[in-house]
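# fold the stuff below for me.
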Amino acid sequence: HFFRQHCVDISDMLRKVFFFLLLIASTLAFAPPSLPCGVRGGTGSSLSMGFLDSLFGGGKTAEASHILIKGNNASDQCERLKNDIYKKAIGRGDPANGVEPEKLVKAFATAARSKSTCPSKSQGGALGSFGEGQMVPEFDAVAFKKEVGVIHGPVETQFGSHLILITDRK
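Sure thing, here's the model as predicted:
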């Protein structure tokens, strides 16, 4: 009798703890953090991608870096910066041969550190992995529908002009 009563008590306690943790996880999964540059996620953790999605295998994810430029001629600055990044990545190579992905990522990160107005600049513009719907709609449209390994932009949002380099998509 003593053993059975304690098993019921422990079982009830574990059930309450489980539901409490599930409540916390689902709350965090649907409230991703915000960066002041208009990106609504991007920490790359399972919680920011949707805790329940990571448990049950749902949703697409992307990895990207970005550069945010603000101001009146931000779009023109983005175009010039994009050309500069490609020139640095190609170096003395023949542009007809394209650009090596590692060199493009490195040149993009260098430009992000010096030119971006988003706090992600300290990581070379890297946003980590994020799920659909975590970014502002204009950013999401690029991250989940455009070519990987190419600099896209300028992409205009309410926060300014973005250059976006998609590095992976699953």
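# tell me which stretches of the protein form helices.
Here the chain has its helices, by DSSP state H, at 2-29, 51-56, 74-90, 101-115, 137-145.
# hmm, which helix or strand of this structure has the shakiest average pLDDT?
Using mean pLDDT, DSSP states H and E, helix 51-56 stands out as the lowest-scoring helix or strand of the chain, at a mean of 50.
# returning to that earlier point: worst average pLDDT in the helices of the chain?
Mean pLDDT values for those show the minimum at helix 51-56, a mean of 50.
# give me the neighbour count for residue 104.
Neighbourhood size, residue 104 [other CB atoms under 10 Å]: 21. C-beta coordinates here come from the backbone N, C-alpha and C atoms, glycine included.
# number of residues surrounding the closest residue to it other than its chain neighbours?
Ranked by CB to CB, 6 or more residues apart in numbering and with sequence neighbours excluded, the top spatial neighbour of residue 104 is residue 89, at 4.4 Å. Around residue 89 there are 22 other residues, counting by other CB under 10 Å.
# same check, this time on residue 67
33.
# next one: residue 86
Using other CB under 10 Å: residue 86 sits among 17 other residues.
# one more: residue 96?
The burial count for residue 96: 6, using other CB under 10 Å.
# can you check residue 145 too?
Residues near residue 145, counting by other CB under 10 Å: 11.
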